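Enquirer: From the sequence below, what's the structure:
(chains A and B)
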Amino acid sequence: DAGVIQSPRHEVTEMGQEVTLRCKPISGHNSLFWYRQTMMRGLELLIYFNNNVPIDDSGMPEDRFSAKMPNASFSTLKIQPSEPRDSAVYFCASTQGTSGYTFGSGTRLTVV
Amino acid sequence: SQQGEEDPQALSIQEGENATMNCSYKTSINNLQWYRQNSGRGLVHLILIRSNEREKHSGRLRVTLDTSKKSSSLLITASRAADTASYFCATVFRTDSSYKLIFGSGTRLLVRP
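Expert: Sure, this is the predicted structure:
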């Protein structure tokens, strides 16, 4: 298995633009998580899905953020419009049950 | 917040010494996990200890869990320069419909050659 695959690895965009981050979880994993990591706030859970259904999006900072999981093998995190304070590393992780989570390599987002 | 708190925030030791990192959390958990993150990289799962376990070993790693004190520790024995990284504890607890994993603030470990 190639692990959790995230794309792009790096994204630089101008303030106000739409940003879409992508994640392919490990096949067979039934839960998918989006995290954001910054120096100031550490690792924050944004939203997670169980069997493709959003369970808890209380960590999503604003309405500008949205996430979807149209099927078991794909999820997106969208920011529209993006702002400089959204700059961070965004991680996707997947797991089966309560086992150890497998993280992707992350997307480093810079909004200028 | 369910977030675990870790101490120390930073730890610098000599190669060959043992490194101990501590984690405290706030509510009942299903399990507790430790992760490692090298600078600029993703997180790697190291070890998981369930709420009914008290100690677990994996290679040079030893994890303890004290549910009465809501705390855990990670011990790395005979440290190596390659162990230099940030280490995070993360707690898994049940919500109404699923489980979620919340991370602590992390310990930055520097192992000097």
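
Enquirer: any low-confidence regions in chain B?
Expert: Filtered on pLDDT under 70, chain B yields the residue ranges B:1-4, B:97.

Enquirer: Could you list the residues of it in contact with chain A?
Expert: B:30-31, B:33, B:35, B:41-45, B:48, B:88, B:90, B:92, B:95, B:97-106 (CB under 8 Å from any CB of the partner chain). Where you see a C-beta, it was placed from the backbone N, CA and C, and this is true even at glycine.

Enquirer: Which secondary structure elements does the helix or strand where B:Ile47 lies sit against?
Expert: If you go by DSSP states H and E, B:Ile47 is part of strand B:43-50. Here strand B:43-50 touches strand A:102-103, strand B:31-37, strand B:55-58, strand B:61-66, strand B:71-76, going by 3 or more CB pairs under 8 Å, 6 or more residues apart in numbering or on different chains; DSSP states H and E.

Enquirer: Which strand runs longest in chain B?
Expert: For chain B, the strand with the greatest residue count under DSSP state E is strand B:85-94.

Enquirer: partner strands of that strand, parallel or antiparallel?
Expert: Paired neighbours of strand B:85-94 in the sheet (DSSP bridges): strand B:31-37 (antiparallel), strand B:99-103 (antiparallel), strand B:107-112 (antiparallel).

Enquirer: Taking their axis directions, that strand and strand B:43-50 sit at what angle?
Expert: 50 degrees (axes from the mean of the first three to the mean of the last three CA atoms, to 10 degrees).

Enquirer: Tell me the buried residues in strand B:85-94?
Expert: B:85-93 (16 or more other CB atoms under 10 Å in any protein chain shown).

Enquirer: so can I have TSV of the residues you listed showing distance to A:Ile79?
Expert: Below are the buried residues of strand B:85-94 laid out as TSV (distance: CB to CB, whole Å):
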residue	distance to A:Ile79
B:Ala85	29
B:Ser86	25
B:Tyr87	29
B:Phe88	24
B:Cys89	29
B:Ala90	25
B:Thr91	28
B:Val92	27
B:Phe93	28
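
Enquirer: which bits of chain A sit near chain B?
Expert: When proximity is defined as CB under 8 Å from any CB, chain A approaches chain B at A:31, A:33, A:35, A:42-43, A:45, A:48, A:50, A:55-56, A:91, A:93, A:95, A:97-106.

Enquirer: ok, now which ones touch B:Asn98?
Expert: Let me fix one detail, which is that residue B:98 is Ser and not Asn. Applying CB atoms under 8 Å, 6 or more residues apart in numbering or on different chains to B:Ser98 gives the contacts A:31, A:48, A:50, A:55-56.

Enquirer: what pairs with the residue nearest to A:Ser7 when sequence neighbours are not counted across the strands?
Expert: Counting by CB to CB, 6 or more residues apart in numbering or on different chains, A:Ser7 lies nearest to A:Arg22, which is 4.8 Å off, once chain neighbours are set aside. Beta bridges link A:Arg22 to A:Ser7, A:Thr76 when assigned by DSSP bridges.

Enquirer: Hmm, A:Ser75 and A:Arg22 touching each other?
Expert: Yes. Using CB atoms under 8 Å, A:Arg22 is in contact with A:Ser75, at 7.5 Å.

Enquirer: Compare neighbour counts for these two and give me the winner.
Expert: Legend: neighbour count by other CB atoms under 10 Å in any protein chain shown for A:Arg22 and A:Ser75, higher for A:Ser75 (25 against 16).

Enquirer: In this structure the more buried one contacts A:Phe49, no?
Expert: Yes. A:Ser75 lies in contact with A:Phe49 (CB under 8 Å); the separation is 6.7 Å.

Enquirer: I'm done for today, thanks for sticking with me.
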